[in-house]
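Q: okay, sequence plus prediction incoming.
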Amino acid sequence: MRIGIVCPYSFDVPGGVQFHVRDLAQHLLSLGHHVRVLAPADDDAALPPFIDSAGRAVAVPYNGSVARLSFGPLTAARVRRWLTEGAFDVLHLHEPLSPSVSMLALWAAEGPIVATFHTANLRSRAMQAAFPLLRPSLEKIAARIAVSEDARRTLVEHIGGDAVVVPNGVFVDDFAGAAPRPEWSGTPERPVVAFVGRLDEARKGLPVLCEVVPRVRAVLPGARFLVAGRGDLAAARALLADPAGVEFLGPVDDAAKQALLASADVYLAPHTGGESFGIVLVEAMAAGTAVAASDLGAFRRVLDDGDAGVLFATGDADAAAAAVLGLLTDPSRRAEVAAAGQRVARRYDWPVVAGEVLAVYDTIRTGVAAHARVVADRRLPAPRGPGA
Amino acid sequence: MTSLAWALLALLVVCALAGYLSATAQRLDRLHHRVETSRAGLEVELTRRASAALELATSGELDPATSLILADAATASLDAPRTPAALRDATDADDAARWAAESGLSRALAVVLPAADGLGEAGGAPATGRVGDAAHRVALARRFHNDAVVQTRRLRAKRVVRWGRLAGHARLPETADFDDGASSYDS
C-alpha cells in the first residue's frame, strides 16, 4: 500500500507527535508498505530516509506552548507537489487542526484521508474563530482517529460526528529489555523516583514534583529524584526550596530514557492537565517501573483505573507524596503494580497499534473499492432481456 | 454614474452569492459521495462478518447449541437484501429490520468471541480470529459511516441548502443504528 503521512511539527525538536509519526512509519515500512512522511524540517537536518522536508519551520506560540510549524504559500506549493508525486492510496494526517503542513495537505488533497487527533485541547479562541473556514476541509476526512477516549470526546463535542480510538504506540521490547544504569538505580536506603518532561511547561507538573520532594525526603531522607527533559535548568532549580535530592539530567535520548525508566523504582507523573494520552506512562510501565500519576482522565484510562498504577488527586502534592511513599516503602506492592503495568503496556506495543491503524486504512479502502464497483455497475447498459 | 456603481455592486453581490452556493454544493456533493462510499464499505464488512460467523458456526469448533444460534443469526444477516438497488430503495422499516438482524449477530458473537478490549486481540481457533477481526472492521466501518452521515445531515439542515435545493433528489442519509459489539468505544 502507498501511504503518505503528514506531521505538522518539526523534526528538528523532539516531541510526542513526531515520535509517533516516526515510529508508525518505521513499523509500516518494516511490514513492506511504501511510506513517505512529510514534515517541516531544516533542509540540511539529518532526517531518516523516509522523511521529506516541507521546508523550514518557524517557532510560533500555539496552543499553550511554542511549536515549530511550517506555513505560507511556498510550503503550500511544496505540500501540493508532494501529494501529486506521492500518488498515495491513503493519506494519513496528524493533528490536522494545527496551522501547519497537515492542514495544508488536507486543504489540497482528494481521495481517502485518515486523520489522527492527538491533543484533547480544541477550545482556543483562534480555533473557534477559524472553525467555519476549516469545516469544509475537515469534511473530507473519511476516518478520524483519536489517541484516547478523552481526545475522542473532545473531538465529538467540538466538531461533531464520531471517531475511533487507536492509542499511541510504544516499542515495548525496547523498554522491557533496557539495561538499568548503576548510577540511576535505587537501593532500599536511596530509592529513585524518575520524571521525564519539559521543565518549562507547568502543566507537565514540575512545580508539583518540587513540592513532593521535601515531603518524600522527610520520610525517606535518601530518596533521589531524577528529572530528565529540556528546559531552563536555573528556573527549574529556583522552584526547589532545597536542591538536595534532585538531579537534573537535561534532555535525554531514547537509549538514556529507556535506561532511566528501567533503573528507577517509581515513575512520578504529576501533570496538571492538557494531556490526552500519557505515552511516557506506558513507556515506564513497559520498562517495569511502578507508576504514580495524577488522576487525569487520560492517565486513569492508561492505568486501567488504578489497577496498573497508583493515582492521586491532580495537583495535590500531599497526595502525590503519599502515593510515591506507599510504593517506595512497600516493595511487594511496588512489584505487583509494576507487573500489572507491564501487562497493560503490551496493549500499546507497536505491532498491535499499527495493526489497528492498518485496519482503519483497509476499512476506508474497502469502501472506496466497493463504491467504485457500484458506480461501474450503474454505468453498464440496462439489464439485458431474455435471449439478448 | 451612481446607477453604474449600483449595478456593479449588485453584480458583485450576485457573484459572491453564486460562489458561496457553488462552494456549498460542492461540499454537499463531496459529503454525499463519502456517505455512499462508507455505506458500501460497511456493507462489505457486514457481509464478511456474517460469512465468517457462518463458517465458525459450521466448523465444529463450537457446541451444537451455540453453533445453531450463531448460524441462525449469520443467515439472517446474509439473507437481508443488499444489492445497491435494494439499499437505495430501502424504507425506514427495511433499515430497522436490517439493523435488528445485525444487532442479533453482534449479540450472538459476543457470547462466542473472547472479550476483546477494542484492540482486536482474539485468540483461539483461526475461524474465531477471523470473525473477531471482521467484527472489529464492522465497528470501524460503522463509526466512519455514521460520522459521514452526521456531517451530511448537519450541512443539509442549513437554510442555504434547503432553500437553494442544493441537495437535489439525494435521500437524506440515516445513521446505521445497530449494536456493533464494540462496547469499549461507548464507555
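A: Looks like it came in fine.

Q: is chain B within reach of whichever strand or helix holds residue A:133?
A: Element membership of residue A:133 [criterion: DSSP states H and E] is helix A:125-138. Yes: residues of helix A:125-138 contacting chain B under CB under 8 Å from any CB of the partner chain: residue A:136. Every residue, glycine included, has its C-beta placed from N, CA and C.

Q: got the buried residues for the longest helix along chain A?
A: For chain A, the longest helix by residue count, based on DSSP state H, is helix A:350-379. Buried residues in helix A:350-379, counted by 16 or more other CB atoms under 10 Å in any protein chain shown: A:350, A:352-368, A:370-371, A:374.

Q: give me the helices and strands touching that helix, please.
A: helix A:16-30, strand A:90-94, strand A:113-117, strand A:143-146, helix B:2-57, helix B:84-88, helix B:126-156 (3 or more CB pairs under 8 Å, 6 or more residues apart in numbering or on different chains; DSSP states H and E).

Q: please enumerate residues in contact with stretch B:143-157?
A: Stretch B:143-157 is contacted from outside by A:139, A:142-144, A:160-164, A:363-364, A:367, B:24, B:27-28, B:31-32, B:34-35, B:37-39, B:41-42, B:161-162, B:167, B:172-176, B:185, using CB atoms under 8 Å, 6 or more residues apart in numbering or on different chains.

Q: what's the angle between the longest helix of chain A and helix B:2-57?
A: 110 degrees (axes from the mean of the first three to the mean of the last three CA atoms, to 10 degrees).

Q: and helix A:350-379, how far out from the chain's middle?
A: Relative to its chain's centre, helix A:350-379 lies at 25 Å (CA atoms, centre = their mean, to the nearest Å).

Q: how about stretch A:101-113 and chain B, any contact?
A: No: using CB under 8 Å from any CB, stretch A:101-113 stays clear of chain B, with a minimum separation of 8.6 Å.

Q: quick check: mean pLDDT across that stretch?
A: Taken as a whole, stretch A:101-113 has an average pLDDT of 90.

Q: would JSON lines of the helices and strands packed on helix A:350-379 with mean neighbour count and distance to residue A:58 be doable?
A: Output for the helices and strands packed on helix A:350-379, formatted as JSON lines (neighbours: other CB atoms under 10 Å in any protein chain shown; distance: least, CB to CB, whole Å):
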{"stretch": "helix A:16-30", "mean neighbour count": "20", "distance to residue A:58": "16"}
{"stretch": "strand A:90-94", "mean neighbour count": "26", "distance to residue A:58": "19"}
{"stretch": "strand A:113-117", "mean neighbour count": "25", "distance to residue A:58": "23"}
{"stretch": "strand A:143-146", "mean neighbour count": "25", "distance to residue A:58": "27"}
{"stretch": "helix B:2-57", "mean neighbour count": "17", "distance to residue A:58": "30"}
{"stretch": "helix B:84-88", "mean neighbour count": "14", "distance to residue A:58": "49"}
{"stretch": "helix B:126-156", "mean neighbour count": "23", "distance to residue A:58": "32"}
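
Q: next, format those as TSV and append distance to residue B:63.
A: Putting these into TSV (distance: least, CB to CB, whole Å) gives the following:
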stretch	distance to residue B:63
helix A:16-30	39
strand A:90-94	41
strand A:113-117	40
strand A:143-146	37
helix B:2-57	11
helix B:84-88	35
helix B:126-156	14
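
Q: lowest average confidence across these, which one?
A: Across these, the lowest-scoring stretch is helix B:84-88, with a mean of 75.

Q: give me every residue in the stretch 151-300 of chain A lying close to chain B.
A: A:160-165.

Q: most neighbours among those, which one is it?
A: Using other CB atoms under 10 Å in any protein chain shown as the neighbour test, these are led by residue A:163, with 25 neighbours.

Q: my read: it touches residue A:153, true?
A: No: using CB atoms under 8 Å, residue A:163 makes no contact with residue A:153, being 9.3 Å away.

Q: just the element for residue A:38, please.
A: Using DSSP H and E, residue A:38 sits in strand A:34-39.

Q: need the nearest residue in space to the residue in chain B that chain A sits nearest to, chain neighbours excluded.
A: Taking CB to the nearest CB, chain A has its nearest neighbour within chain B at residue B:41, 2.4 Å off. Residue nearest to residue B:41 in three dimensions, not counting chain neighbours: residue A:367, with 2.4 Å by CB to CB, 6 or more residues apart in numbering or on different chains.

Q: same check on residue B:94?
A: residue B:81 (7.5 Å).

Q: kindly report the same for residue B:140.
A: Take residue B:140 and drop its neighbours on the chain: the residue closest to it by CB to CB, 6+ apart is residue A:363, 4.5 Å away.

Q: in chain A, where is pLDDT below threshold?
A: A:43-45, A:62-65, A:120-124, A:380-388 (pLDDT under 70).

Q: would you mind giving the domain segments of it?
A: A:2-169+A:349-378, A:172-347 (automatic domain parsing).

Q: and residue B:158, how far from residue B:28?
A: For residue B:158, the distance to residue B:28 (CB to CB, to the nearest Å) stands at 9 Å.

Q: now swap in residue A:60 and tell me
A: Distance of residue A:60 to residue B:28, given as CB to CB: 34 Å.

Q: likewise for residue A:89?
A: From residue A:89 across to residue B:28, the span is 26 Å (CB to CB).

Q: residue A:198 too?
A: The value you get for residue A:198 to residue B:28, if CB to CB is used, is 44 Å.

Q: dihedrals phi and psi, residue A:222?
A: Here is the backbone geometry of residue A:222 (degrees, to the nearest 10): phi -90, psi 0.

Q: the residue nearest to residue B:140 contacts residue B:141, correct?
A: Yes: between residue A:363 and residue B:141 there is a contact under CB under 8 Å: 5.1 Å.

Q: anything in contact with each of these two?
A: B:41, B:45.

Q: list the contacts of residue 105.
A: Because you didn't say which chain, this covers chain A. A:6, A:38, A:79, A:82-83, A:91, A:93, A:96.

Q: try chain B instead
A: By CB under 8 Å, 6+ apart, the neighbours of residue B:105 are B:49-50, B:53, B:73-74, B:76-77.
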